[in-house]
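Asks: Pasting the sequence and the predicted coordinates here, then a few questions.
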Amino acid sequence: MARLDNVITNIVEVFLEYADDEGKKHQLNKEELKRVLEREIQSPELKGHINADDIEEAMEMLDKNHDGEVNFREFCRCVCDLAKCYYNKKTGKGAKKCKGKEPEGGQED
Ligand SMILES: [Ca+2]
Ligand SMILES: [Ca+2]
């Protein structure tokens with residue numbers, strides 16, 4: 001498979017594998033989210049942006065529609081945010097605003 005084919009199918013497959021594990025299908029609850037973050041993100045610099053040790057905070061950060069679970073759309077946004085962080089780091093654009101928080105929340109840390 002070409003590289004982007006791989007990336008795209010992997011995003012879908014990783015999501016479904018964890019999201020369909022328990023509870024609601026196609027939704028990551030806290031336990032599932034914790035597992036996917038712990039097992040599928042190993043690079044220290046990416047781990048630094050989303051911390052599985054503080055799953056409450058990670059969930060709050062990702063759960064944009066506040067239904068207590070992470071759906072595929074929210075998961076994609078997370079992956080995309082991590083990609084942007086990596087991009088910024090690689091291109092030297094400064095990775096400061098890479099906590100995955102969006103201005104709509106109104107809170108800065
Ligand atoms: Ca689930
Ligand atoms: Ca949600």
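Replies: Good, I have the coordinates. Ligands and ions are numbered 1, 2, ... in the order given.

Asks: Can you tell me the SS state at the spatially most central residue of the chain?
Replies: Central residue of the chain (C-alpha atoms, centre = their mean): Cys78, 3.3 Å from the mean position. Of the three states, Cys78 takes helix under DSSP: H, G, I helix; E, B strand; the rest coil.

Asks: Apart from its neighbours in sequence, what residue is nearest it?
Replies: Distances taken as C-beta to C-beta, 6 or more residues apart in numbering place Leu62 nearest to Cys78, at 5.1 Å, with adjacent residues excluded. No exception for glycine: its C-beta is placed from N, CA and C like everyone else's.

Asks: One more: Leu28?
Replies: Leaving aside its sequence neighbours, Leu28 sits nearest to Val70 (C-beta to C-beta, 6+ apart; 4.1 Å).

Asks: Next up, the contacts around Asn51.
Replies: By C-beta atoms under 8 Å, 6 or more residues apart in numbering, Asn51 lies in contact with Leu37, Glu57, Ala58.

Asks: Can you spell out which helices and strands pack onto the helix or strand of the chain with the lowest mean pLDDT?
Replies: Least confident helix or strand, the chain: helix 44-47 with a mean of 90, by mean pLDDT, DSSP states H and E. Using 3 or more C-beta pairs under 8 Å, 6 or more residues apart in numbering; DSSP states H and E, the elements in contact with helix 44-47 are helix 72-91.

Asks: any residues touching the helix it packs on, and which ones?
Replies: For helix 72-91, the surrounding residues in contact (C-beta under 8 Å, 6+ apart) are 11-12, 15, 19, 26, 28, 41, 45-46, 49-50, 62-65, 70, 93-95, 98, 100.

Asks: Helices - which of those residues land there?
Replies: The helices, defined by DSSP state H, take in Ile11, Val12, Phe15, Ala19, Glu45, Leu46, Leu62 from the contacts of helix 72-91.

Asks: And the furthest pair within those residues?
Replies: Comparing all pairs in the ones in helices among the contacts of helix 72-91 by C-beta to C-beta, the longest separation belongs to Ala19 and Glu45, at 25.2 Å.
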